[in-house]
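1. got a sequence here, can you model it:
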Amino acid sequence: MIYATLATLLSFAAAGVSASEFSTSSPETLKQLFEQFKRNHGKRYSTMEEEQSRYEIFIQTLKVIDERNQADAGVHGITQFADMTQQEFEDTYLDRTIANKIRQRNATLVDIPLYQGSATTVDYTGTQTTAIKNQESCGSCWAHAAAQQIESDGMRLLGNKASLTLSVQQLVSCDHGEGQLGCMGGLQETAFDYVRENGGITTEAEYPYTSGGGRTGKCDSSKNHYVMGVTGYEMIFNSNVEETEKQFTSYVLESGTLSIGVDATTWNTYTGGIMSNCGKGTSINHAVQIVGVDSSSSGWWKIRNSWSPSWGEQGTIRVAYGKNTCGLATEGGSHTTVFNL
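-> Numbering: from 1, shown residues only. Next comes the predicted model:
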């Protein structure tokens, strides 16, 4: 077996990318990897006992990274989640209730005609997207996915600037629709309904995000200088996921971004590259946004996440195209019709 040198391992850890055989390193190297991890991600522990416990979890995570890289070489490495157990990660950042919610309740279901253009690749980063956000330790992916899709559709339909960022906190604290549980989870399509029925959504500047510590917070109805509204939303959905993914391709190449649900169970160790193996990929538990596609035979979907720009590829992930990777087409994709106020 070939072992990576200490310098190589540390350089990989510092860059946030993956290396083979992390877990077989010497005890001294493992300690130095942990120290590098703490520096990279500003980790502080209140007691030595907690630090030792997190170090032991870190060691177990290195084994998981090695195992995942055997199935999906090179895309897994040390991330900001490396001192969390898999269970802690899922409980904090993912939502197991998504699959039990009715995503198409008030949607207009549409069939997208086959794309007739010549382009095979598009990336809307920066042209239909605002800056990457960070949900932190709050299960608010649904609110981030909703806000960013409304932002993107404002850029696509109305020419809004990327500097117009909407309040995720308003959605987290004020959307009390069925199944909307603040930091405990929700659905982006139900959030679209909230914005439509509420009369609008305000800016991030007026109603900033405060739920990073895991607290949903009470709704502040005085922050009502709304800047955008939603008239409705369309969903691309077919019982055949292959057909759904084909229609995703046509829509993204022709028009813009899509809000979707995925199985992000293995995303806690993703550092870069094209992920082709998400385990089973059947437990839809996270809300995100498609922002690009390469529809070639070795292509990818580019997906925007809400785990900060330091995660993945500057806050995004690429997953293999044409294979319903991570279940990305399982529950359909949505976009909104919006107006400025």
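2. which parts of the protein are helices?
-> Using DSSP state H, the helices of the chain run over 6-15, 27-41, 48-71, 86-93, 141-158, 168-174, 188-198, 241-254.
3. compare the mean pLDDT across those helices and name the weakest.
-> Across the helices of the chain, helix 6-15 has the smallest mean pLDDT, namely a mean of 49.
4. ok, now which ones touch residue 54?
-> Shown in contact with residue 54 (Cβ atoms under 8 Å, 6 or more residues apart in numbering): 43, 45, 83. Glycine gets a C-beta too; all of them are placed from N, C-alpha and C.
5. list just the nearest of those to residue 260.
-> The closest of the contacts of residue 54 to residue 260 turns out to be residue 83 (Cβ to Cβ; 29.0 Å).
6. not counting its neighbours along the chain, what's nearest the closest one?
-> Sequence neighbours aside, residue 54 is the residue nearest to residue 83 in space, at 4.1 Å (criterion: Cβ to Cβ, 6 or more residues apart in numbering).
7. what's the distance between the one you found and residue 34?
-> Noted for residue 54: a distance of 8 Å to residue 34, by Cβ to Cβ, to the nearest Å.
8. over to residue 277?
-> Residue 277 sits 27 Å away from residue 34, going by Cβ to Cβ.
9. do residue 133 as well
-> Distance of residue 133 to residue 34, given as Cβ to Cβ: 28 Å.
10. what's the burial count for the spatially closest residue to residue 215 that is not a sequence neighbour?
-> In space, and not counting its chain neighbours, residue 215 is closest to residue 183: 6.7 Å by Cβ to Cβ, 6+ apart. Neighbour count of residue 183, defined by other Cβ atoms under 10 Å: 22.
11. same check on the one 10 residues further on?
-> Other residues near residue 193 number 21, with proximity taken as other Cβ under 10 Å.
12. just checking, residue 61 touches residue 80?
-> No - between residue 61 and residue 80 there is no contact under Cβ atoms under 8 Å: 11.2 Å.
13. who has more neighbours, these two?
-> A direct count of neighbours by other Cβ under 10 Å for residue 61 and residue 80 places residue 61 higher, at 25 against 18.
14. in contact with the residue lying closest to the more buried one once chain neighbours are set aside, which residues?
-> The shortest distance from residue 61 to any non-neighbouring residue, by Cβ to Cβ, 6+ apart, is to residue 82 (4.6 Å). By Cβ under 8 Å, 6+ apart, the residues touching residue 82 are 37, 57-58, 61-62, 269.
15. so how do I select the buried members of those residues in ChimeraX?
-> Selection of buried members from the contacts of residue 82 for ChimeraX, criterion 16 or more other Cβ atoms under 10 Å:
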select :37,58,61,62,269
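16. out of the contacts of residue 82, who's nearest residue 218?
-> Using Cβ to Cβ, the contacts of residue 82 come closest to residue 218 at residue 57, 33.8 Å.
17. can you tell me how far that closest one is from residue 171?
-> 32 Å.
18. before we move on, what about residue 111?
-> 29 Å.
19. with neighbour numbers in mind, choose between these two.
-> residue 171 (29 against 10).
20. which ones are touching that one?
-> Residue 171 neighbours (Cβ under 8 Å, 6+ apart): 140, 142-143, 146-147, 186, 191, 194-195, 201.
21. try 6 Å
-> 143, 146, 191 (Cβ atoms under 6 Å, 6 or more residues apart in numbering).
22. let's have these in TSV, adding distance to residue 107 and neighbour count.
-> As requested, the contacts of residue 171 are exported to TSV (distance: Cβ to Cβ, whole Å; neighbours: other Cβ atoms under 10 Å):
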residue	distance to residue 107	neighbour count
143	18	34
146	13	33
191	13	31
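23. which one of those is nearest residue 120?
-> residue 146 (29.4 Å).
24. who's in contact with the closest one?
-> Applying Cβ under 6 Å, 6+ apart, the residues near residue 146 are 171, 188, 191.
25. what does residue 225 give?
-> Neighbour list for residue 225: 202, 206 [criterion: Cβ under 6 Å, 6+ apart].
26. ok, the one 10 residues further on next?
-> By Cβ under 6 Å, 6+ apart, the contact set of residue 235 is 104, 107, 109, 332, 334.
27. now do the nearest residue to the first one once chain neighbours are set aside against residue 154, distance only.
-> Leaving aside its chain neighbours, residue 104 sits nearest to residue 235 (5.5 Å; criterion: Cβ to Cβ, 6+ apart). Distance, residue 235 to residue 154, using Cβ to Cβ: 19 Å.
28. export the contacts of residue 235 to TSV and tack on neighbour count and pLDDT?
-> As requested, these are exported to TSV (neighbours: other Cβ atoms under 10 Å; pLDDT from 0 to 100):
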residue	neighbour count	pLDDT
104	14	71
107	19	89
109	11	93
332	23	94
334	26	97
